[in-house]
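K.L.:
Could you work out the structure for the sequence below:
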Amino acid sequence: MTSVRGWSPRGYRDGRGWLQGAPPPRWVRVLPLLLLAIVTAATLISPDGHDFGFLLGAIPPLAVLSYGPLATAVLSCLVVVLLNVPATHLNHPGDTDLLTVTFVALLSVFVSYVRSHRDAQLVTERAVGEAVQRAVLPPLPERVGAVGCAGLYRAAQHGTLVGGDFFDVREGPFGVRAVMGDVRGHGLAAVSTVVSLLGAFREAVLDQPDLESVAARMDRRLTVDSGDVPHAELFATALLVEFSADLRSVRLVACGHPAPVLLRDGRAQELAVAPGAPVGLGLVGVEPPKEVTVELGPGDRLFIASDGVWEARDRAGRFYPLPDRLAVFAGAEAPELTELVWADLTRRCEVRDDATMLVLAPAIT
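P.N.:
The predicted model follows:
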């Protein structure tokens with residue numbers, strides 16, 4: 001599993017590059033030392049080595065990118081020493097040039113000191129943020145009851161682990177139930193709505209006898225949350241899933257959310273569900289979402305995806321053909337399946353919304 005429920009395979013942890021706070025790549029760390037060695041060698045073997053001396057002034061600023069104040073100070077001292085060693089032919093710089101390099105070196109040490117302390121503070125704050133976000137969406141277990149689970153989550157807002165999508169799988173007195181939803185908006189602004197919906201779902205799993213009642217509980221939660229907020233427009237699509245005790249059937253309730261895809265015998269079929277209004281709208285006179293039952297057999301799996309997957313488009317404006325592509329990857333194991341679909345999706349389309357996938361595999365005997 002990945003993203004909020006596991007680390008991303010792209011780059012550093014959640015995909016950040018070194019310009020977004022990840023540790024610098026090795027070549028950035030090696031660059032000051034390499035430049036120092038090249039200039040030193042060039043000045044020793046060339047009678048006109050002083051022509052390369054201006055490059056030494058770049059070493060302290062380069063060191064700031066990847067080294068702490070102590071290492072930056074050491075490299076800066078080496079630069080000043082080289083400028084005063086007769087063998088390097090650099091011991092005749094003008095006073096202004098030498099003072100300039102010395103000033104840049106001292107300034108680089110100071111900047112490195114400030115950067116290292118800011119980085120330490122950012123690491124602490126990010127660790128706190130990740131802990132909070134993981135508390136919202138804790139790691140999904142590989143199995144809930146007799147249902148195997150695998151999920152993938154990619155938040156649209158770069159550098160975050162949680163966005164407007166959510167999913168969860170819980171076992172309760174009425175069987176194994178799962179939910180996937182997509183709240184209005186994405187990124188950190190949607191997290192409070194995600195918290196409310198997940199809380200309502202987890203409580204309803206324990207005491208509501210059917211999925212329609214679970215959907216009503218989630219709808220009421222959002223309606224109450226937005227009641228005192230002018231123009232709140234809090235709503236979310238959601239798909240609720242409940243497996244029967246013998247796992248040979250699954251009940252579905254769709255609240256404006258795309259239908260799941262049934263993987264069976266190497267084929268992928270989008271299931272027909274009764275469309276219902278998104279939760280949280282509080283529409284008067286609108287029929288509540290209806291439950292649909294689908295029979296299952298050994299080896300069947302459900303693949304559920306958010307709008308960010310279904311509505312991704314390629315450069316020609318065509319939607320990602322999820323059922324067709326799932327048929328190609330149908331033989332893969334559940335965790336591998338989500339990664340294969342994600343790699344295929346990003347290769348074909350530009351993903352601009354939160355993208356979430358959930359695979360549910362009941363162990364039917």
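K.L.:
pull the helix or strand with minimum mean pLDDT from the protein.
P.N.:
The weakest-scoring helix or strand in the chain, judged by mean pLDDT, DSSP states H and E, is helix 95-136 (a mean of 78).
K.L.:
neighbours of Arg118, just the number please.
P.N.:
Around Arg118 there are 10 other residues, counting by other C-beta atoms under 10 Å. Backbone N, C-alpha and C define where each C-beta goes, glycine included.
K.L.:
Please apply the same query to Ile304.
P.N.:
Counted with other C-beta under 10 Å, Ile304 comes out at 23.
K.L.:
Distance check, Glu203 against Arg170.
P.N.:
10 Å (C-beta to C-beta, to the nearest Å).
K.L.:
okay, now Gly68: neighbour count?
P.N.:
Using other C-beta under 10 Å, Gly68 has 16 other residues around it.
K.L.:
Give me the residues contacting the next helix or strand after the least confident helix or strand of the chain.
P.N.:
The helix or strand immediately downstream of helix 95-136 is strand 143-144, counting by DSSP states H and E. Here strand 143-144 makes contact (C-beta atoms under 8 Å, 6 or more residues apart in numbering) with 149, 169-171, 176.
K.L.:
partners of strand 143-144, with directions?
P.N.:
Neighbouring strands of strand 143-144 in its sheet, by DSSP bridges, are strand 147-154 (antiparallel).
K.L.:
Tell me how far the partner strand lies from the chain's centre.
P.N.:
Relative to its chain's centre, strand 147-154 lies at 14 Å (C-alpha atoms, centre = their mean, to the nearest Å).
K.L.:
Reduced to three states, what does Leu358 come out as?
P.N.:
Using DSSP: H, G, I helix; E, B strand; the rest coil, the structure places Leu358 in strand.
K.L.:
I figured it hits Val147, correct?
P.N.:
No - assessed by C-beta atoms under 8 Å, Leu358 is found out of contact with Val147, at 11.0 Å.
K.L.:
which of the two has more neighbours?
P.N.:
Neighbour totals were compared for Leu358 and Val147, and Leu358 leads with 27 against 22 (other C-beta under 10 Å).
K.L.:
Tell me the confidence at that one?
P.N.:
We have a pLDDT of 95 for Leu358.
K.L.:
list the contacts for it?
P.N.:
Contacts of Leu358 (C-beta under 8 Å, 6+ apart): 149-151, 167, 169, 178, 180, 303-305.
K.L.:
tell me the mean pLDDT over stretch 65-73?
P.N.:
Averaged over stretch 65-73, pLDDT sits at 87.
K.L.:
Over to stretch 203-223?
P.N.:
The average pLDDT for stretch 203-223 rounds to 91.
K.L.:
Can you point out the buried residues in it?
P.N.:
Buried residues in stretch 203-223, counting neighbours by 16 or more other C-beta atoms under 10 Å, are found at 204-205, 208, 211-212, 214-219, 221-223.
K.L.:
and what of stretch 116-123?
P.N.:
Burial within stretch 116-123, assessed by neighbour count using 16+ other C-beta under 10 Å, is assigned to Ser116.
K.L.:
if I look at Leu358 and Val147, which residues touch both of them?
P.N.:
Any residue near both Leu358 and Val147 by C-beta under 8 Å, 6+ apart counts here, and that gives 169, 178.
K.L.:
Cool, thanks, signing off.
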